[in-house]
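Peer 1: Kindly return the folded structure for what I paste below:
(one chain, ligands or ions: 3)
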Amino acid sequence: MVERNSEQNAQDRAGRPFPVSWDQFHRDCRALTWRLNEVGPFHAVIAITRGGLVPAAIVARELGLRVIDTVCVASYDHDKQGDLKVLKGISEQTAKLGGGTGKGLLIVDDLVDTGKTGKLVREMLPDAHFATVYAKPKGRPLVDTYITEVSQDTWIFFPWDTALSFQPPIRDGAA
Ligand SMILES: O=P(O)(O)OC[C@H]1O[C@H](OP(=O)(O)OP(=O)(O)O)[C@H](O)[C@@H]1O
Ligand SMILES: O=c1[nH]c(=O)c2nc[nH]c2[nH]1
Ligand SMILES: [Mg+2]
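Peer 2: Ligands and ions are numbered 1, 2, ... in the order given. I've put the predicted structure just below:
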């Protein structure tokens, strides 16, 4: 069980819900790839699981990359960030492709928020290119390429975490 830290309860701080549909997410990932295509070529994509798996699949498809690795990090227990735990590091084979420092490797995640996850992975591969679809201001300086910035008090709701449900009319107090 990931340890909870009430100071880091991101969703409590999040005044603004930002729901993202599958269509929107796919479009944003394609927009990200247009930018990455100018920066590459890359030897491999490394997804920061689990949120980075979906954008990594789309980016890899668009860039024609077939070597895909994962760095498995756990920190948020739903909406509360605890201590970061690396459950699986980058494979030796992928590390070799990046010359040990990550040169020519592309790290992909769905977003940076506080930047803690991104910082941890960057330290493993200082010369890798780090891309996220969304960025909040605290984490943004860690990212090399991103598409959309949202305010720090925004909570992004990803399509794999949500389902269609009834919403009360705005007049009746809907967000
Ligand atoms: O910039 P930070 O404050 O570190 O937050 C960003 C990280 O938080 C989320 O992952 P989470 O730990 O919730 O795990 P998940 O990807 O498995 O959902 C998100 O996918 C990023 O990896
Ligand atoms: O689904 C999520 N939305 C967010 O805004 C966020 N920030 C950190 N981790 C997050 N997970
Ligand atoms: Mg994640």
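Peer 1: In this structure, spot the helix with the most residues.
Peer 2: For the chain, the helix that runs over the most residues, judged by DSSP state H, is helix 22-39.
Peer 1: Neighbours of residue 15, how many?
Peer 2: Per other C-beta atoms under 10 Å, the neighbour tally for residue 15 reads 11. Where C-beta positions appear, they are placed from N, C-alpha and C, glycine not excepted.
Peer 1: Nearest residue to it in space, please, no chain neighbours.
Peer 2: Using C-beta to C-beta, 6 or more residues apart in numbering and skipping residues adjacent in sequence, the residue nearest residue 15 is residue 153, 4.6 Å away.
Peer 1: again, but for residue 16
Peer 2: Nearest non-adjacent residue to residue 16 (C-beta to C-beta, 6+ apart): residue 154, at 4.4 Å.
Peer 1: so how far is residue 70 from that neighbour?
Peer 2: 26 Å (C-beta to C-beta, to the nearest Å).
Peer 1: before we move on, back to that, is any residue of the longest helix of the chain near ligand 1?
Peer 2: No. Using C-beta under 6 Å from any ligand atom, we find that helix 22-39 stays clear of ligand 1, coming within 12.6 Å at best.
Peer 1: related to what we said a few turns ago, can you pull the phi/psi pair for the residue nearest to residue 16?
Peer 2: Torsion angles at residue 154 (phi, psi; degrees, to the nearest 10) stand at phi -90, psi 140.
Peer 1: Please name the residues that touch it.
Peer 2: 14-18, 136 (C-beta atoms under 8 Å, 6 or more residues apart in numbering).
Peer 1: Check the closest residue to residue 42 other than its chain neighbours and give its pLDDT.
Peer 2: Excluding the flanking residues, the one nearest residue 42 by C-beta to C-beta, 6+ apart is residue 106, at 4.2 Å. As summarised for this prediction, residue 106 has a pLDDT of 98.
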